[in-house]
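Participant: structure for the following, please:
(one chain, ligands or ions: 1)
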Amino acid sequence: MPGMELTHFQFDVTDGLAVVAMDKAGEPVNTIGPAIFVDFATILDRLESDDDIHAVVWTSAKKDFLVGADIGWFASLTDPGETEDMVAEARHLLDRLENLHLEHGKPVVAAIDGACLGGGLEMAMLASMRIATNSKRTQLGQPETRLGVLPAGGATQRLPGLVGIAAALDLILTGRPARPRRALKIGLVAEVVPKEVLLDVAKKRATEAIGAPLSGSASVKEFLAPSHLQSLALEQNPMGRRVLFKKAEEKMLAETKGNYPAQERALEAIRIGVEEGREAGFAAEARFFAELVITPESKALQSIFFATQMMKHFTGTAAPPRHVSKVGILGGGLMGAGIATTSTLQAGSTVRLKEVDEAGVRRGLAHVERQVTGRVKRRRLRPFEGEQATNRVTGTTDWSGFGNVDLVIEAVFEDLELKQSLLQEVEGVTGPYVVFASNTSSIPIADIARASSRPETVLGMHYFSPVEKMPLLEVIKTDDTADWAISTAVAYGKSQGKTVIVVNDGTGFYTTRIVWPYGNEAMFLLGDGASVEAVDGAMEEWGFSVGPIRLGDEVGLDVGAKIAKVMVDAFGVRMEGPQWRQQLAEDNRLGRKNRRGFYNYDDKGKRGGVDDTVYSAVGLGPRQEIPKAEIQERIALAMVNEAAFCLQEGIITSAMDGDIAAVMGLGFPPFRGGPFWWVDQVGAGTVVEKLGSLAARHGERFAAADILRDHAQSGANFR
Ligand code: NAI
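Facilitator: Here you go, the predicted model:
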């Protein structure tokens, strides 16, 4: 293009229509940041001044539209004043795109395929109209609050105008993106079309819009839908708006417990814009962004984001993985059926599910079908895809169909002998390169592998419940596990959509081992007089997704009792719990599964309030007040100390793995960044001191791991 030197964009003008395609140089995806602004300004100069250009299609040359901010750039933003200025400057540039239609009469149509997130959606919002593809990959959203900041390219001001305040609050505060169908419904896009015709339709709409009056983005039909009118009525009067903001704030605080300042600031910026006008709103947005990007909460969330990005490239070992197209699963219970579902849905594998009897097979297959049907109903899958996914899973009570599996995942009862005998049977019916993975939650893999004639193929693949939702997979290797087997398990886990860490073998591996003290210390606190509500409430307020006692009910108190023995045998006094715990089983309290635990459950298994009869049933006296901070300190430090032992013993190979696994597998507060990130923030010295005083009051179980003492002494950080 004569006179235009562009690095990150493709630019073409044909018959008065300019097609601008973002194409960030040297990167697989488009991101927004200072790097592209030079080109952006050059393009705007041209679009504004070239009288031969009458309309514009704004699109991407990559497989996504634009995935968000270049968050590597976030780290350079240390001075709030400078950041605020930079954001304001960028916004003026963005305003010019919006003004192409408003001031220059040149309509702009954004043609969107793939991810259109963060700055991508903010850019698309500047267009006169948005058209998206119906592709599964297409999603539009503002995920910034998940990184502890708010959108700084105008979304807090423009989104409410486009989709209404309620929908804007939902998109920005939850960070959850909208798929094409919902984007159309809320008026975020005007049309949804197949990918093949996206550009043609966009060009046609852009040409049609030349000289036409400015139109809203929602289609007329959607705009007149009763729900839209109702929400507008509410949003257009001050009383209604006040109610709306108050409700949104209450809902947000119930979820964030005040731990996520970005959500609060985003809500405030939207409110300022609505009440005081767009300029005040823009100014607030820039100021809040500058403040938020340097908060510890945002830094922690950014660290998790970076780590998960990095782990996408993780292969486990340098050995190439073996291809897995058919997987055999032993046990179709809670875990096995969940693993079967993810295997067919995410990995697209053929699955052979083995159970003890026909009833077990039926239960397992019914679970898969329920999950798939749910997805079809929610339109995440087309009906024929759902049918294919269900048909890929078949059941058996014998070994038929195991002759050509590539991987076997075992999820039968937590019983060493049972697992060993199944392993031997599997080896009798499968070839020498079939990986045998156990989903045991506590038994050392080497113990299971003792029964194997080819221990190099044996490892652990530890999933979390519910498997369909939980993002982590912990792969456990023994000294004998072959590299190719590890790589195969890692690659397969990734194809199931999981973030995978590889840990060394040992009782409880990493996750079970650190979740144990989380629950155990909660039991000690009950013994000391704290109420169930106080303990769970304190930890949820600290930021855990599920309080320790509720978690115990969910997992099953009988399962807990089994693991207790294993943990105490391996680690002694540090893992011992209070004696009264055994009486839970005597009182037939298994947790949610038999609707009898620390909480009450209705006939359908829905949890109610705390079952107050539990205290006397296990011989505990009346409840008394224990300060919230003490509860939080005891439980959090018990868990963090155990994480440190795991690093010290080489169970985990890096603090980063330990952080990601705790956040993704166990619901450790994301805004604290994981156990090790948190220790770095608090200071290892302070942590050791607090553990020391807890040990003096409550016993040896709080004795600090050496690695914590070393860090306290040297002042070194874990991350
Ligand atoms: P579950 O009791 O729901 O399912 C076990 C299934 O295995 C049952 O359906 C049973 O009929 C079947 N089974 C027993 N013997 C069998 C055999 N010889 N052949 C085929 N199937 C057989 O138990 P769940 O919760 O699914 O646990 C399974 C394994 O996963 C255990 O090792 C457990 O420790 C582990 N685990 C459990 C987690 C949880 O949250 N429940 C989390 C992570 C691991």
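Participant: make sure I have this right: residue 545 is in a strand.
Facilitator: No. Using DSSP: H, G, I helix; E, B strand; the rest coil, the secondary structure at residue 545 is coil, not a strand.
Participant: surely it meets residue 667?
Facilitator: Yes. The pair residue 545 and residue 667 passes the contact test of Cβ atoms under 8 Å, sitting 3.3 Å apart. From N, CA and C alone the C-beta is placed, and that goes for glycine too.
Participant: between those two, which one's more packed in?
Facilitator: residue 667 (20 against 13; other Cβ atoms under 10 Å).
Participant: count of neighbours near the residue in the stretch 451-600 of the chain that the ligand sits nearest to?
Facilitator: Using Cβ to the nearest ligand atom, the closest approach of the stretch 451-600 of the chain to the ligand is made by residue 465 at 3.5 Å. Using other Cβ under 10 Å, residue 465 is surrounded by 13 other residues.
Participant: just confirm it is within a helix.
Facilitator: No. Assessed with three-state DSSP, residue 465 is coil; it does not lie in a helix.
Participant: quick one: residues contacting residue 392.
Facilitator: 344, 348-351 (Cβ atoms under 8 Å, 6 or more residues apart in numbering).
Participant: so which of those belong to helices?
Facilitator: Judged by DSSP state H, the subset of the contacts of residue 392 located in helices is residue 344.
Participant: and of the contacts of residue 392, the nearest to residue 387?
Facilitator: Nearest to residue 387 out of the contacts of residue 392 is residue 344 (Cβ to Cβ; 11.4 Å).
Participant: wait, the closest one sits on residue 351?
Facilitator: Yes. Look at residue 344 against residue 351 with Cβ under 8 Å: they come within range, at 5.5 Å.
Participant: quick check: neighbours shared by these two?
Facilitator: By Cβ under 8 Å, 6+ apart, the residues touching both residue 344 and residue 351 are 392-393.
Participant: and the ligand, which of the contacts of residue 392 reach it?
Facilitator: Among the contacts of residue 392, none lies close to the ligand by the criterion of Cβ under 6 Å from any ligand atom.
Participant: mind putting the contacts of residue 392 into JSON lines with distance to residue 423, pLDDT and neighbour count?
Facilitator: Below are the contacts of residue 392 laid out as JSON lines (distance: Cβ to Cβ, whole Å; pLDDT from 0 to 100; neighbours: other Cβ atoms under 10 Å):
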{"residue": "344", "distance to residue 423": "24", "pLDDT": "98", "neighbour count": "23"}
{"residue": "348", "distance to residue 423": "27", "pLDDT": "97", "neighbour count": "14"}
{"residue": "349", "distance to residue 423": "21", "pLDDT": "98", "neighbour count": "23"}
{"residue": "350", "distance to residue 423": "22", "pLDDT": "98", "neighbour count": "20"}
{"residue": "351", "distance to residue 423": "19", "pLDDT": "98", "neighbour count": "26"}
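Participant: nearest to the ligand among the contacts of residue 392?
Facilitator: residue 351 (13.9 Å).
Participant: how much space between residue 236 and the ligand?
Facilitator: As judged by Cβ to the nearest ligand atom, to the nearest Å, residue 236 and the ligand stand 48 Å apart.
Participant: which residues touch that residue?
Facilitator: Neighbours of residue 236 in contact, by Cβ under 8 Å, 6+ apart: none.
Participant: quick check: it vs residue 249, distance?
Facilitator: Separation of residue 236 from residue 249 (Cβ to Cβ, to the nearest Å): 20 Å.
Participant: for residue 347, same thing?
Facilitator: 41 Å.
Participant: tell me which residues touch whatever residue of the stretch 201-350 of the chain ends up closest to the ligand, please.
Facilitator: Proximity to the ligand, evaluated over the stretch 201-350 of the chain using Cβ to the nearest ligand atom, is greatest for residue 333 at 1.8 Å. In this structure, residue 333 makes contact with 360, 363-364, 411-412, judged by Cβ under 8 Å, 6+ apart.
Participant: mind giving me the packing neighbours of the one helix or strand residue 203 maps to?
Facilitator: Assigned by DSSP states H and E, residue 203 falls within helix 198-209. With contacts defined as 3 or more Cβ pairs under 8 Å, 6 or more residues apart in numbering; DSSP states H and E, the packing partners of helix 198-209 are strand 17-22, strand 55-60, strand 108-112, strand 129-133, strand 191-193.
Participant: out of these, which is the most enclosed?
Facilitator: For the helices and strands packed on helix 198-209, the largest average neighbour count (mean count of other Cβ atoms under 10 Å) is found in strand 108-112, namely a mean of 29.
Participant: can you give me the helices for the stretch 401-550 of the chain?
Facilitator: Assigned by DSSP state H, counting those that start in this stretch, the helices in the stretch 401-550 of the chain fall at 416-429, 445-449, 483-495, 511-527, 532-542, 548-555.
Participant: skipping its backbone neighbours, what lies nearest residue 174 in space?
Facilitator: Leaving aside its sequence neighbours, residue 174 sits nearest to residue 145 (Cβ to Cβ, 6 or more residues apart in numbering; 7.7 Å).
Participant: and the one you found, what does it touch?
Facilitator: Per Cβ under 8 Å, 6+ apart, neighbours of residue 145: 172-175, 260, 262-263, 266.
Participant: would you mind listing what in the stretch 501-650 of the chain touches the ligand?
Facilitator: So the stretch 501-650 of the chain meets the ligand at residue 555 (Cβ under 6 Å from any ligand atom).
Participant: oops, could you answer that again for the chain instead?
Facilitator: 330-336, 354-356, 360, 411-414, 418, 422, 439-441, 462-465, 555.
Participant: just the ones of those in strands?
Facilitator: With DSSP state E as the criterion, strands contain 330, 354, 462 from among those.
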